[in-house]
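[1] Got a predicted structure plus its sequence, pasted below:
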Amino acid sequence: MVDLKGRLLALDFGSHRIGVAVSDPLGITARQLEAIRREGDRKDIEAILSLSREHGVETVLVGLPLLPDGNEGSQAVKARRFGEKIRELTGLPVALRDERFSTAQAERHLIESGVRREKRKEVRDSLAAALILQSALDARSRK
(Lines give C-alpha, C1' and ligand atoms only; values in the text may rest on other atoms or scores of the structure.)
Protein backbone atom coordinates (compact mmCIF):
# COMPACT_ATOMS: atom_id res chain seq x y z
CA MET A 1 0.00 0.00 0.00
CA VAL A 2 1.44 3.34 -1.07
CA ASP A 3 1.16 6.16 1.45
CA LEU A 4 -0.60 9.13 -0.11
CA LYS A 5 2.05 11.73 0.66
CA GLY A 6 2.36 15.27 -0.64
CA ARG A 7 0.63 16.66 -3.65
CA LEU A 8 -1.37 14.08 -5.60
CA LEU A 9 -2.20 13.64 -9.26
CA ALA A 10 -5.28 11.49 -9.89
CA LEU A 11 -6.04 9.67 -13.13
CA ASP A 12 -9.28 8.24 -14.49
CA PHE A 13 -7.86 5.80 -17.04
CA GLY A 14 -9.98 5.29 -20.15
CA SER A 15 -9.54 3.90 -23.63
CA HIS A 16 -9.82 7.30 -25.38
CA ARG A 17 -8.96 9.80 -22.64
CA ILE A 18 -7.30 9.91 -19.26
CA GLY A 19 -9.07 12.21 -16.85
CA VAL A 20 -6.66 14.23 -14.71
CA ALA A 21 -6.98 16.08 -11.42
CA VAL A 22 -4.42 17.54 -8.99
CA SER A 23 -4.63 18.34 -5.31
CA ASP A 24 -3.90 21.80 -3.99
CA PRO A 25 -0.51 22.20 -2.23
CA LEU A 26 -2.12 21.61 1.19
CA GLY A 27 -3.86 18.42 0.06
CA ILE A 28 -7.35 19.66 0.89
CA THR A 29 -9.10 20.06 -2.46
CA ALA A 30 -9.02 18.47 -5.90
CA ARG A 31 -8.95 20.47 -9.11
CA GLN A 32 -9.60 18.94 -12.49
CA LEU A 33 -7.15 19.51 -15.32
CA GLU A 34 -7.61 18.99 -19.03
CA ALA A 35 -7.91 15.32 -19.95
CA ILE A 36 -5.10 13.61 -21.83
CA ARG A 37 -6.13 12.21 -25.21
CA ARG A 38 -4.72 8.70 -25.46
CA GLU A 39 -1.79 8.40 -27.89
CA GLY A 40 -0.19 5.22 -26.58
CA ASP A 41 1.21 4.38 -23.15
CA ARG A 42 4.64 5.93 -23.63
CA LYS A 43 3.32 9.32 -24.84
CA ASP A 44 0.55 9.27 -22.24
CA ILE A 45 3.05 8.62 -19.45
CA GLU A 46 5.32 11.39 -20.75
CA ALA A 47 2.34 13.76 -20.47
CA ILE A 48 1.65 12.51 -16.93
CA LEU A 49 5.30 13.00 -15.96
CA SER A 50 5.24 16.52 -17.39
CA LEU A 51 2.11 17.38 -15.38
CA SER A 52 3.65 15.83 -12.28
CA ARG A 53 6.74 18.00 -12.58
CA GLU A 54 4.72 21.13 -13.39
CA HIS A 55 2.53 20.70 -10.28
CA GLY A 56 5.15 19.29 -7.89
CA VAL A 57 3.33 15.98 -7.57
CA GLU A 58 4.75 13.37 -5.20
CA THR A 59 2.26 10.53 -5.73
CA VAL A 60 0.06 9.40 -8.63
CA LEU A 61 -3.37 7.99 -7.82
CA VAL A 62 -4.91 5.74 -10.48
CA GLY A 63 -8.62 5.00 -10.35
CA LEU A 64 -9.34 1.27 -10.28
CA PRO A 65 -12.74 0.58 -11.90
CA LEU A 66 -13.80 -2.45 -9.89
CA LEU A 67 -16.94 -4.36 -10.76
CA PRO A 68 -20.00 -3.76 -8.55
CA ASP A 69 -19.18 -6.94 -6.60
CA GLY A 70 -15.65 -5.63 -5.85
CA ASN A 71 -13.81 -7.94 -8.25
CA GLU A 72 -11.47 -6.75 -10.98
CA GLY A 73 -12.74 -6.89 -14.54
CA SER A 74 -10.77 -6.26 -17.72
CA GLN A 75 -10.78 -2.45 -17.31
CA ALA A 76 -9.42 -2.71 -13.77
CA VAL A 77 -6.64 -5.00 -14.99
CA LYS A 78 -5.73 -2.45 -17.69
CA ALA A 79 -5.74 0.40 -15.16
CA ARG A 80 -3.54 -1.58 -12.75
CA ARG A 81 -1.04 -2.37 -15.54
CA PHE A 82 -1.01 1.27 -16.62
CA GLY A 83 -0.27 2.29 -13.02
CA GLU A 84 2.64 -0.15 -12.93
CA LYS A 85 4.03 1.33 -16.16
CA ILE A 86 3.76 4.84 -14.70
CA ARG A 87 5.74 3.73 -11.63
CA GLU A 88 8.38 1.96 -13.74
CA LEU A 89 8.86 4.80 -16.24
CA THR A 90 8.61 7.80 -13.89
CA GLY A 91 9.86 6.49 -10.56
CA LEU A 92 6.84 8.10 -8.88
CA PRO A 93 4.89 6.14 -6.27
CA VAL A 94 1.55 4.97 -7.66
CA ALA A 95 -1.50 4.14 -5.55
CA LEU A 96 -4.72 2.55 -6.78
CA ARG A 97 -8.14 3.69 -5.55
CA ASP A 98 -11.51 2.07 -6.00
CA GLU A 99 -13.41 4.32 -8.38
CA ARG A 100 -16.62 2.39 -8.91
CA PHE A 101 -19.29 4.65 -10.37
CA SER A 102 -17.12 7.81 -10.46
CA THR A 103 -17.73 8.33 -14.19
CA ALA A 104 -21.47 7.82 -13.75
CA GLN A 105 -21.43 10.23 -10.81
CA ALA A 106 -19.54 12.80 -12.90
CA GLU A 107 -21.99 12.38 -15.80
CA ARG A 108 -24.97 12.82 -13.44
CA HIS A 109 -23.43 15.98 -11.97
CA LEU A 110 -22.82 17.46 -15.42
CA ILE A 111 -26.38 16.70 -16.57
CA GLU A 112 -27.80 18.27 -13.40
CA SER A 113 -25.61 21.32 -14.02
CA GLY A 114 -27.07 21.71 -17.52
CA VAL A 115 -23.86 20.97 -19.42
CA ARG A 116 -24.57 20.10 -23.06
CA ARG A 117 -23.84 16.55 -24.25
CA GLU A 118 -20.92 17.57 -26.51
CA LYS A 119 -19.19 19.45 -23.68
CA ARG A 120 -19.86 16.67 -21.14
CA LYS A 121 -17.61 14.27 -23.08
CA GLU A 122 -14.73 16.73 -22.84
CA VAL A 123 -14.89 17.25 -19.07
CA ARG A 124 -16.45 14.03 -17.69
CA ASP A 125 -13.21 12.08 -17.33
CA SER A 126 -11.34 14.83 -15.50
CA LEU A 127 -14.35 15.46 -13.25
CA ALA A 128 -14.31 11.73 -12.45
CA ALA A 129 -10.59 12.03 -11.61
CA ALA A 130 -11.37 14.98 -9.33
CA LEU A 131 -14.07 12.94 -7.55
CA ILE A 132 -11.63 10.04 -7.07
CA LEU A 133 -8.98 12.42 -5.76
CA GLN A 134 -11.33 14.29 -3.43
CA SER A 135 -12.48 11.03 -1.85
CA ALA A 136 -8.83 10.08 -1.25
CA LEU A 137 -8.04 13.50 0.23
CA ASP A 138 -11.08 13.32 2.51
CA ALA A 139 -10.07 9.83 3.69
CA ARG A 140 -6.48 11.00 4.28
CA SER A 141 -7.65 13.96 6.39
CA ARG A 142 -9.73 11.65 8.63
CA LYS A 143 -6.67 9.60 9.62
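    Great, that's in hand. Residues are numbered from 1 along each chain as shown.
[2] quick one, phi psi at residue 37?
    Dihedral angles of residue 37 (phi, psi; degrees, to the nearest 10) stand at phi -80, psi 130.
[3] Just give the nearest non-adjacent residue to residue 45, would you?
    In this structure, residue 45 finds its nearest non-sequential neighbour in residue 89, 5.1 Å apart by CB to CB, 6 or more residues apart in numbering. All C-beta atoms are positioned from the backbone trio N, CA, C, and that covers glycine.
[4] top helix in this protein by residue count?
    Taking DSSP state H as the criterion, the chain has its longest helix at helix 117-142.
[5] Summarise which helices and strands that one is packed against.
    strand 8-13, strand 17-23, strand 30-37, strand 59-64, strand 94-98, helix 102-112 (3 or more CB pairs under 8 Å, 6 or more residues apart in numbering; DSSP states H and E).
[6] In its sheet, which strands sit next to the third one, and in what direction?
    Put plainly, it is strand 30-37. Sheet pairing for strand 30-37, assigned by DSSP bridges, gives strand 17-23 (antiparallel).
[7] Any buried residues in the strand it pairs with, and which?
    17, 18, 19, 20, 21, 22, 23 (16 or more other CB atoms under 10 Å).
[8] and these as JSON lines, adding pLDDT and distance to residue 141?
    Listed next are the buried residues of strand 17-23 as JSON lines, based on pLDDT from 0 to 100; distance: CB to CB, whole Å:
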{"residue": "17", "pLDDT": "93", "distance to residue 141": "29"}
{"residue": "18", "pLDDT": "96", "distance to residue 141": "26"}
{"residue": "19", "pLDDT": "94", "distance to residue 141": "22"}
{"residue": "20", "pLDDT": "96", "distance to residue 141": "22"}
{"residue": "21", "pLDDT": "97", "distance to residue 141": "16"}
{"residue": "22", "pLDDT": "98", "distance to residue 141": "17"}
{"residue": "23", "pLDDT": "97", "distance to residue 141": "11"}
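[9] So which of the helices and strands packed on helix 117-142 is nearest residue 125?
    Distance to residue 125, taken as CB to CB, is lowest for strand 17-23 among the helices and strands packed on helix 117-142, at 3.0 Å.
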